[in-house]
Structure formats: structure tokens, C-alpha cells
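Asker: next input, structure requested:
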Amino acid sequence: MQTITIILNDAPYGSERSYNGLRTAIALQKEKALVNVFLIADSVYCALKDQSTPEGYYNIGRMIRGVTT
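Answerer: Next comes the predicted model:
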């Protein structure tokens with residue numbers, strides 16, 4: 001089994017960097033890879049519980065829960 005670490009460094013909303021990183025992590029998990037997601041700087045806000053999602057964005061908090069379970 002392959003182990004992959006993804007480092008997120010950007011805020012959950014305002015750009016799609018964290019969203020795309022989490023999409024990649026989810027896709028890799030579906031392919032049976034072991035994925036580590038490391039949150040630094042503004043990306044730690046991705047893990048906040050009960051986020052208010054701006055219109056037009058996916059809920060990054062739900063995506064994080066999907067990756068960590």
C-alpha cells in the first residue's frame with residue numbers, strides 16, 4: 001500500500017487550493033492509498049466544526065471529515 005502526504009497551506013474559502021487538495025486525498029483513498037493530510041497556516045480553518053459555507057463553495061469541513069474517517 002502506498003502512503004501519500006498532502007500538505008494544505010491555504011484558507012478553506014477564497015481559493016480552490018484546499019478544496020482541490022482534499023479532492024485529491026479523497027480520490028487517492030478510493031484507490032486504496034493511505035493518505036495523510038497535514039494542515040498548516042490558514043488551512044487549519046478547514047477543520048473547524050459547523051462552518052458557514054459561502055454560497056457557491058463546497059463545505060470543506062465535511063470534506064475533511066470524509067478524509068479523516
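
Asker: next, give phi and psi for L22.
Answerer: Reported as degrees, to the nearest 10, the phi and psi values for L22 are phi -70, psi -40.

Asker: if you could redo that for D10, that was the one I meant.
Answerer: Geometry field for D10 lists phi and psi as phi -120, psi 160, criterion degrees, to the nearest 10.

Asker: what sits against the most centrally placed residue in the chain?
Answerer: Nearest to the geometric centre of the chain sits L22, at 3.3 Å (Cα atoms, centre = their mean). Going by Cβ atoms under 8 Å, 6 or more residues apart in numbering, L22 touches 8, 37, 46, 60, 63-64, 67. Placement of C-beta: from N, CA and C, glycine included.

Asker: with I64 instead?
Answerer: Counting by Cβ under 8 Å, 6+ apart, I64 has contacts 22, 37, 46-47.

Asker: please name the nearest non-neighbouring residue to K49.
Answerer: Distances taken as Cβ to Cβ, 6 or more residues apart in numbering put G61 closest to K49, at 6.6 Å, once the chain neighbours are dropped.

Asker: er, M63 I mean
Answerer: Going by Cβ to Cβ, 6+ apart, M63 has L22 as its nearest residue, at 4.4 Å.

Asker: roughly how far does the one you found sit from G61?
Answerer: 10 Å (Cβ to Cβ, to the nearest Å).

Asker: shared neighbours of these two, anything?
Answerer: With contacts taken as Cβ under 8 Å, 6+ apart, the residues that reach both L22 and G61 are C46.

Asker: tally of neighbours for the residue nearest to K49?
Answerer: 18 (other Cβ atoms under 10 Å).
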